[in-house]
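A.B. asks: My questions are about this predicted structure, shown below with the sequence.
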There are 2 protein chains.
Amino acid sequence: LDIPTPAWARIGKMEDLNDAVARTGLPAVLKTRRDGYDGKGQQVVRELGEAREASERLLAACPAGLVCESLVDFVAERSAIAARGVGGEVRVYPLVTNVHEGGILRRSTVDPHQGSRSEREAQRAVRALLDELEYVGVLALEMFELASGELLANEFAPRVHNSGHWTIEGAVTSQFENHLRAIVGWPLGETEATGRVTMTNLIGQAPPTPELLADARAHVHLYGKSPAPGRKIGHVTHVA
Amino acid sequence: LDIPTPAWARIGKMEDLNDAVARTGLPAVLKTRRDGYDGKGQQVVRELGEAREASERLLAACPAGLVCESLVDFVAERSAIAARGVGGEVRVYPLVTNVHEGGILRRSTVDPHQGSRSEREAQRAVRALLDELEYVGVLALEMFELASGELLANEFAPRVHNSGHWTIEGAVTSQFENHLRAIVGWPLGETEATGRVTMTNLIGQAPPTPELLADARAHVHLYGKSPAPGRKIGHVTHVA
């Protein structure tokens, strides 16, 4: 499976730390192998003492172990979202550009007419991953784009993904509909974007709804969750 | 309220029939004043004997009485769908062209870039109606377009309307969302069409779902109703 990634190593116990860091270099990111999301279960470490403390803390929280990954100096974060049907049919959405703040996705944007080398490469990578896994449904592959244009795959989410919420109003067929079509064996829907799309997460708390709706083109989604710092409680999509 | 209509007259009892027909001429359409839909509670009558028989039958079914309306020789059927908020804000959707078969809406189409005189006139008429009624929510005004370009208002539906189902995927904001925004006092959403839209009703019975979805741009809506002749059981929207 030819999908470039940052350098990485497994840490199953504290004794693995030195070898792992020798492989990835520092700074690195330590991640629990289970239950990580929105920056939780992750820590950036810049020197060995810090790596040791973080490993102890994270291993105590996650007996399944850690992954240590080189910290990548990226120019952009991208995600490639795609669906694969039971018969192997694959449809890939346009490449998404993501901005995170504090480990939490803040904004995703999609330009309907990119056709860049990066986009073609990302689409090739996500197709290869779907086929390798004989996956059925929607999957998101997250990637770092380097200054050279090279893409390094970072994580994948075997499910519909926050960076695909823009597809509800911004694509011909939403990621949710395509996931359902895929798993029940129906033909997949067209994945093209219907305009330039911006999806912004509402994090912590949301402005009053009428204020959000004052933009007549805003599509407001509120999840009915109680406000809390760092919690995603909704999102707003705008199709230009 | 300056909205042209076909000639019409009330029929409350059989004794009103001759005067009504004198006013509208023949052929005419007799319609019950309550519970009519999809061609039910209507009959086209071409001569006086036929009008008498139909009136007796329809009056027996509808004690609230009938309306007798001139049969109009139209070149197109249009509907103007609009929302009015609690503060009087009005937004009108692009003019819809409708094709009925057997009294049942078969297909609605919308061209995003019309700006015709008919469209401007229809938008003026529906705004006037909303303001006159101090209406809050979504309303559909159905009109006949004559060869001269003149529009004659025929019926209005004080609610979301089948000829507005295309707005779910084909407009920035759907008629359903705008109805909710209107009645809860929130700002209305943009009503423009996002492409050339076709909405086709599934009447009687539907083809197998995978067949409908073989068109990757089809948005398929099935209402979960059991098939029956003349029953609308779903619709398919296509945005080009």
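C.D. replies: Happy to help now that I have it.

A.B. asks: those helices in chain A, which residues are they?
C.D. replies: Using DSSP state H, the helices of chain A run over residues A:17-24, A:48-61, A:117-133, A:167-170, A:175-184, A:209-213.

A.B. asks: just checking, what packs against the shortest one?
C.D. replies: Spelled out, that is helix A:167-170. Counting by 3 or more CB pairs under 8 Å, 6 or more residues apart in numbering or on different chains; DSSP states H and E, the packing neighbours recorded for helix A:167-170 are helix A:175-184, strand A:197-203, strand A:218-222, strand A:232-239. Where you see a C-beta, it was placed from the backbone N, CA and C, and this is true even at glycine.

A.B. asks: do the last one as well
C.D. replies: Where contact means 3+ CB pairs under 8 Å, 6+ apart, helix A:209-213 is packed against strand A:218-222.

A.B. asks: Next one: the most centrally placed residue in chain A from chain B, what distance?
C.D. replies: Residue closest to the average C-alpha location in chain A (CA atoms, centre = their mean): residue A:142, at 4.4 Å. Counting by CB to the nearest CB, to the nearest Å, the gap between residue A:142 and chain B amounts to 26 Å.

A.B. asks: Now do the contacts for that residue.
C.D. replies: A:77-79, A:98, A:153-157, A:163 (CB atoms under 8 Å, 6 or more residues apart in numbering or on different chains).

A.B. asks: 10 Å instead?
C.D. replies: By CB atoms under 10 Å, 6 or more residues apart in numbering or on different chains, residue A:142 lies in contact with A:77-81, A:96, A:98, A:105, A:153-157, A:161, A:163.

A.B. asks: Would you mind checking the residues you listed for buried ones?
C.D. replies: Buried members of the contacts of residue A:142, counted by 16 or more other CB atoms under 10 Å in any protein chain shown: A:77-81, A:96, A:98, A:105, A:153-154, A:156-157, A:161, A:163.

A.B. asks: Let me know the closest of the residues you listed to residue B:22.
C.D. replies: Set against residue B:22, the nearest of those by CB to CB is residue A:81 (67.0 Å).

A.B. asks: For the closest one, name its beta-bridge partners.
C.D. replies: residue A:140 (DSSP bridges).

A.B. asks: Assess the claim that it and residue A:126 are in contact.
C.D. replies: Yes - counting by CB atoms under 10 Å, residue A:126 is a contact partner of residue A:81 at 7.6 Å.

A.B. asks: Name the residues contacting each of the two.
C.D. replies: Overlap between the contact sets of residue A:81 and residue A:126, as judged by CB under 10 Å, 6+ apart, is given by A:92-93, A:95, A:139-141.

A.B. asks: Give me the pLDDT for residue A:169.
C.D. replies: pLDDT, residue A:169: 96.

A.B. asks: now do residue A:114
C.D. replies: 74.

A.B. asks: just residue A:1 next, same as before
C.D. replies: If you check residue A:1, the pLDDT there is 86.

A.B. asks: Let me know which of the helices of chain A is tucked in deepest.
C.D. replies: Most buried of the helices of chain A by mean neighbour count (mean count of other CB atoms under 10 Å in any protein chain shown) is helix A:167-170; its value is a mean of 25.

A.B. asks: centre of the chain versus that helix, how much separation?
C.D. replies: Here the centre of helix A:167-170 is set off from its chain's centre by 17 Å, with CA atoms, centre = their mean, to the nearest Å.

A.B. asks: Could you do stretch A:194-208 as well?
C.D. replies: With CA atoms, centre = their mean as the basis, stretch A:194-208 stands 16 Å off its chain's centre.

A.B. asks: cool, stretch A:184-199 as well?
C.D. replies: Distance of stretch A:184-199 from the chain centroid (CA atoms, centre = their mean) equals 17 Å.

A.B. asks: one step back: out of the contacts of residue A:142, flag the one nearest to residue B:234.
C.D. replies: For the contacts of residue A:142, the nearest to residue B:234 is residue A:81 (27.9 Å; CB to CB).

A.B. asks: Residue B:165 versus that closest one, what's the distance?
C.D. replies: 28 Å (CB to CB, to the nearest Å).

A.B. asks: cool, and residue A:51?
C.D. replies: Residue A:51 sits 58 Å away from residue B:165 when distances are taken as CB to CB.

A.B. asks: Would you check how far apart residue A:125 and chain B are?
C.D. replies: With CB to the nearest CB as the criterion, residue A:125 and chain B are 23 Å apart.

A.B. asks: Can you name the residues of chain A that neighbour chain B?
C.D. replies: A:91, A:169, A:172-174, A:177, A:181, A:184-192, A:194-195, A:208-220, A:238-239 (CB under 10 Å from any CB of the partner chain).

A.B. asks: Name only those of the residues you listed that count as buried.
C.D. replies: Buried subset of the residues of chain A next to chain B (neighbour count, 16+ other CB under 10 Å): A:91, A:169, A:172-174, A:177, A:181, A:186-189, A:191, A:194-195, A:212-213, A:218-220, A:238-239.

A.B. asks: Turn the shared contacts of residue A:81 and residue A:126 into CSV, columns for distance to residue A:44.
C.D. replies: Shown next, in CSV, are the shared contacts of residue A:81 and residue A:126 (distance: CB to CB, whole Å):
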residue, distance to residue A:44
A:92, 31
A:93, 29
A:95, 26
A:139, 26
A:140, 22
A:141, 22
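
A.B. asks: Taking the residues you listed, tell me the two that lie furthest apart.
C.D. replies: Farthest-apart pair in these is A:95 and A:139; separation 14.5 Å (CB to CB).

A.B. asks: rewinding a little: pLDDT-wise, what's the bottom of the buried ones among the contacts of residue A:142?
C.D. replies: Comparing pLDDT over these, residue A:154 scores lowest. The value there is 92.

A.B. asks: how close does that one get to chain B?
C.D. replies: 30 Å.

A.B. asks: Nearest residue to that residue in space, please, no chain neighbours.
C.D. replies: residue A:142 (4.9 Å; CB to CB, 6 or more residues apart in numbering or on different chains).

A.B. asks: what do you get for residue A:20?
C.D. replies: Nearest residue to residue A:20, sequence neighbours excluded (CB to CB, 6+ apart): residue A:9, at 3.7 Å.

A.B. asks: got the contact list for the one you found?
C.D. replies: A:16-17, A:19-24, A:28, A:66-70.

A.B. asks: run the last query once more with 7 Å
C.D. replies: The contact partners of residue A:9, by CB atoms under 7 Å, 6 or more residues apart in numbering or on different chains, come to A:19-20, A:23-24, A:68.

A.B. asks: per-residue pLDDT, residue A:179?
C.D. replies: For residue A:179, the predicted pLDDT is 98.
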